[in-house]
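**Q** Prediction below, plus the sequence it came from.
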Amino acid sequence: MSVDGFSTATSRRRFPDDFLWGVATAAYQVEGGAGQGGRGPSIWDTFSHTPGKVRRGDTGDIACDAYNRLDSDLDLLASLGVRAYRFSIAWPRIQPVGSGSVNAEGLDYYKRLVAGLRERDIEPLATLYHWDLPQPLEDAGGWPLRETAERFAEYAAIVARGLGDGVSRWITVNEPFVVANHGYRTGVHAPGRADEAAAAAATHHLLLGHGLAVQAMRAELDAESQVGVTLDLTVVRATTDQAKAVAEEIEAESNNVFLDPLLVGTYPAGIVRASLLPSPELIMDRDMAVISAPIDFLGVNYYAPRTVGLRDENDELRRGEVRISDHPGAVTVTGEGVASTAVGWPIDASGLYDLLVQLHGRAPDLPLYITENGMAAEDYVDPEGSVRDYERISYLRDHLAAAARAIEIGVDLRGYFCWSFLDNFEWAEGYQKRFGLVYVDFGTQRRTPKASADFYRQMIAANAVPAVTG
């Protein structure tokens, strides 16, 4: 088989004719223009400018300069052959202080983005919150406060009213687990707080914000518009029978703290630690009904499974083991010979298949979209001017074959969004980790499509992925 996998492929896994092929980005990671167009500061502006918080002191002030390169980036998107583009809206561009009057210049930027996508026959999929909370709202207490969820619903109504004519698919919140856990529990992401109670409160108010936003948006949008939410979900596997209990606990804590409220209107009981859940006094009448109101789809962000085991009797780490700080006696295990991405995540497409099947089993009538999937690699432009990221091609082929297998057994998977369109500001990792189909020279802002971009274009055109053995 050739490198691209198409020219000599004799067997392919096909996707449904209406399968939605796309790429994804997030506002703070690509837009730049931090001081332009009336945009206010976000928690990521503050966090990235705080010494020691982001690798090498990188910030998103310029990022990919997408704010100033709208037309050329839209043309580049069109050249990839994608049918959809998932982008996020920067809340501080719309409401610089997180409430009150609308910044017309900021809203107009997204109107031009949506119109440009439509002109190129690319469907917009807009995410309302991808982690860039307006700093004044954090100063007032942030997501641990109920008022932030209420302000979020007001913002959602503004955006739906302003962009509803052009956007028919919406995501309320991206990865609330990461916001609560990394932002408020461990502090490795903005706003950088390490407070267990604040994180648990943020969990509830992020979910409540989602539910209130769904209500507010449906009051503004037509009946054909679809509203969902995106969760980062994982499959946790055990190395031994003895480790199964801790694997089940970690999976429940990672997935069910957010899935259960959305799907059944309750927080999980039993093996989930009470410290991860909001205190009862935070949960007001009707909150859970608001959170669990039906959604039109669930967005799934998947990168890697997690394998856990138990420490040996001498509490010594073996090769490939890392202690899990909040689960004494447990370790994360990377098996010998398992390939990893540039951020150290194991590459295992079977986890995506297993996750999709599990979700279909839990909610068989709920359509799914893979809203993020991709890999970080040590990409570079070679002397011939090419970026030959063959390992990313292999990653995409394997994961899309896994997605196709899930569809074949009845999983209602309707689309796939590769992370990411462009190399970008990778949060606390700064600019070193590259996920894009398009290489960005951040000094010159020159864009160079990688070999994986050509592979993805061919796959979209064929609406199929070459079959993978095994």
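**A** Everything's here; your move. Keep in mind it's a predicted model, so treat the numbers as computed, not measured.
**Q** got the contact list for the closest residue in space to residue 130 that isn't next to it in sequence?
**A** Residue nearest to residue 130 in three dimensions, not counting chain neighbours: residue 88, with 3.6 Å by C-beta to C-beta, 6 or more residues apart in numbering. Where you see a C-beta, it was placed from the backbone N, CA and C, and this is true even at glycine. Neighbour list for residue 88: 25-27, 126-130, 132, 174 [criterion: C-beta atoms under 8 Å, 6 or more residues apart in numbering].
**Q** hmm, try it at 7 Å
**A** 26-27, 127, 130, 174 (C-beta atoms under 7 Å, 6 or more residues apart in numbering).
**Q** And for residue 433?
**A** 342-343, 376, 426.
**Q** thinking again about what came up before, which members of the contacts of residue 88 are positioned in strands?
**A** 127, 174 (DSSP state E).
**Q** Just flag the most distant two among the contacts of residue 88.
**A** Taking C-beta to C-beta as the measure, those span a maximum distance of 10.5 Å, between 27 and 174.
**Q** what's the overlap in contacts for those two?
**A** Joint contacts of residue 27 and residue 174 (C-beta under 7 Å, 6+ apart) are 88, 130.
**Q** pull the helix or strand with minimum mean pLDDT from this protein.
**A** strand 321-323 (a mean of 78; mean pLDDT, DSSP states H and E).
**Q** partners of that one, with directions?
**A** In the sheet, strand 321-323 lines up against strand 330-333 (antiparallel) (DSSP bridges).
**Q** just the CA coordinates of the strand it pairs with, formatted as CSV?
**A** Extracted in CSV, the C-alpha atoms of strand 330-333 (Å, rounded to 0.1, in the frame of the first residue of the first chain):
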residue,chain,number,x,y,z
ALA,A,330,-2.6,2.7,41.6
VAL,A,331,-0.4,3.5,38.6
THR,A,332,-0.9,4.4,35.0
VAL,A,333,0.9,1.9,32.8
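**Q** What are the contacting residues of it?
**A** Contacts for strand 330-333 (C-beta under 7 Å, 6+ apart): 239, 246, 306-311, 317, 320-324.
**Q** Count the neighbours of the residue nearest to residue 359 when sequence neighbours are not counted for me.
**A** Computed as C-beta to C-beta, 6+ apart, the closest residue to residue 359 that is not its neighbour in sequence is residue 368, at 6.2 Å. Residues near residue 368, counting by other C-beta atoms under 10 Å, number 23.
**Q** Ramachandran angles for residue 368?
**A** Here is the backbone geometry of residue 368 (degrees, to the nearest 10): phi -120, psi 150.
**Q** how far away is it from residue 430?
**A** 32 Å (C-beta to C-beta, to the nearest Å).
**Q** what do you get for residue 141?
**A** 28 Å.
**Q** cool, and residue 192?
**A** From residue 192 to residue 430 the distance is 15 Å (C-beta to C-beta).
**Q** now do residue 260
**A** 35 Å.
**Q** Which one of the two is surrounded by more residues?
**A** residue 260 (20 against 16).
**Q** Would you agree the more buried one is in contact with residue 272?
**A** No. Taking contacts as C-beta atoms under 7 Å, residue 260 lies outside contact range of residue 272: 8.9 Å.
**Q** Could you pull out the strands in the stretch 351-470 of the chain for me?
**A** Assigned by DSSP state E, counting those that start in this stretch, the strands in the stretch 351-470 of the chain fall at 368-372, 413-419, 438-441, 446-449, 464-466.
**Q** JSON lines for those strands, including mean pLDDT and distance to residue 106?
**A** Formatted as JSON lines, the strands of the stretch 351-470 of the chain follow (pLDDT from 0 to 100; distance: least, C-beta to C-beta, whole Å):
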{"stretch": "strand 368-372", "mean pLDDT": "98", "distance to residue 106": "24"}
{"stretch": "strand 413-419", "mean pLDDT": "98", "distance to residue 106": "24"}
{"stretch": "strand 438-441", "mean pLDDT": "98", "distance to residue 106": "23"}
{"stretch": "strand 446-449", "mean pLDDT": "98", "distance to residue 106": "24"}
{"stretch": "strand 464-466", "mean pLDDT": "90", "distance to residue 106": "38"}
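**Q** what's the closest of the ones you listed to residue 397?
**A** Nearest to residue 397, of the strands of the stretch 351-470 of the chain and by C-beta to C-beta, is strand 464-466 at 5.9 Å.
**Q** for that closest one, packing partners?
**A** strand 12-14, helix 390-408 (3 or more C-beta pairs under 7 Å, 6 or more residues apart in numbering; DSSP states H and E).
**Q** Each with direction, which strands does it pair with?
**A** strand 12-14 (antiparallel).
**Q** Tell me the helix or strand right after the partner strand.
**A** As assigned by DSSP states H and E, the chain's next helix or strand after strand 12-14 is strand 20-24.
**Q** can you give me the mean pLDDT across that next one?
**A** The pLDDT scores in strand 20-24 average 98.
**Q** Same question for stretch 122-139.
**A** pLDDT averaged over stretch 122-139 gives 98.
**Q** Flag every buried residue along it.
**A** For stretch 122-139, the neighbour count (16 or more other C-beta atoms under 10 Å) marks 122-138 as buried.
**Q** thinking again about what came up before, show me which of residue 27 and residue 174 is the more surrounded one.
**A** Using other C-beta under 10 Å, the more surrounded residue of residue 27 and residue 174 is residue 27, with 28 against 24.
**Q** quick one: the spatially closest residue to that one that is not a sequence neighbour from residue 97, how far?
**A** On the basis of C-beta to C-beta, 6+ apart, the spatially nearest residue to residue 27 that is not a chain neighbour turns out to be residue 90, at 4.0 Å. Distance of residue 90 to residue 97, computed by C-beta to C-beta: 13 Å.
**Q** Tell me which of the two has more neighbours.
**A** Using other C-beta under 10 Å as the criterion, residue 90 and residue 97 rank with residue 90 on top: 26 against 17.
**Q** you'd agree the more buried one is up against residue 132?
**A** Yes. Residue 90 is in contact with residue 132 according to C-beta under 7 Å; the separation is 5.4 Å.
**Q** Which neighbours do the two have in common?
**A** 27-28, 42.
**Q** start to end distance for stretch 264-279?
**A** Stretch 264-279 has an end-to-end distance of 19 Å (C-alpha to C-alpha, to the nearest Å).
**Q** try stretch 380-391
**A** End-to-end distance (C-alpha to C-alpha), stretch 380-391: 13 Å.
**Q** buried ones in that stretch?
**A** Using 16+ other C-beta under 10 Å as the test for burial, stretch 380-391 gives 387-389, 391.
**Q** same question, stretch 137-150
**A** 137-138, 142-146, 148-150.
**Q** Tell me the one among these nearest to residue 446.
**A** Out of the buried residues of stretch 137-150, the member with the shortest distance to residue 446 (by C-beta to C-beta) is residue 138, at 34.9 Å.
**Q** Please report how far the closest one lies from residue 236.
**A** According to C-beta to C-beta, residue 138 and residue 236 sit 31 Å apart.
**Q** for residue 119, same thing?
**A** 44 Å.
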